[in-house]
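K.L.:
sequence first, then the predicted structure:
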Amino acid sequence: MQVNFRNLAILSAFLFFALAFTWTFAPGFLLASWGVDFNESTGVVGRRGAALYAGIGVMFFSARNTGPSLARSSLITGLVVTCLILAVLGVFELAMGNVGFGILSAVLIEVALVFAFLYVLRGSKNGFLKPNE
């Protein structure tokens, strides 16, 4: 697969749709893989997070054909920041003993998304575009 915004946006959209589906209908599955006990409170938080994942998936799928622009750069930057924060939090929670090593699979995916989107952003005609461009 060629690494370009369109392909990465489609891949990311389906990844986020899968996360939304899993957090909605089987939150205990992801929590168990991280070594976290499922209860009604974690289920509520997971299902609410699913809505955010679904929204991110819709944004990237809708923007898949967008050329280099401030809007596309903003989408990429927002996702990069989100994934970096999630990765750092995952490593922190592992270091604190709050989760198991299963969290590292999520961390690796988050870091891979960061690098892939930064690669695409760097390859854009203007990279980070200024508002007047």
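P.N.:
Good, I have the coordinates.
K.L.:
any idea how far stretch 45-54 is from the chain center?
P.N.:
12 Å (Cα atoms, centre = their mean, to the nearest Å).
K.L.:
count the neighbours of residue 120 for me.
P.N.:
19 (other Cβ atoms under 10 Å). All C-beta atoms are positioned from the backbone trio N, CA, C, and that covers glycine.
K.L.:
ok, it - contacts?
P.N.:
Residue 120 makes contact with 3, 4, 5, 8, 76, according to Cβ atoms under 8 Å, 6 or more residues apart in numbering.
K.L.:
what about the last one, which SS state?
P.N.:
Look at residue 76: counting by DSSP: H, G, I helix; E, B strand; the rest coil, its state is helix.
K.L.:
quick check: the gap between it and residue 101.
P.N.:
For residue 76, the distance to residue 101 equals 30 Å [Cβ to Cβ, to the nearest Å].
K.L.:
please apply the same query to the third one.
P.N.:
Between residue 5 and residue 101 the distance, using Cβ to Cβ, works out to 33 Å.
K.L.:
repeat that for the first one.
P.N.:
When Cβ to Cβ is applied, the distance between residue 3 and residue 101 equals 28 Å.
K.L.:
any idea which helix or strand carries the most centrally placed residue in the chain?
P.N.:
The centre of the chain sits closest to residue 83, judged by Cα atoms, centre = their mean, with a distance of 5.4 Å. Using DSSP states H and E, residue 83 sits in helix 70-95.
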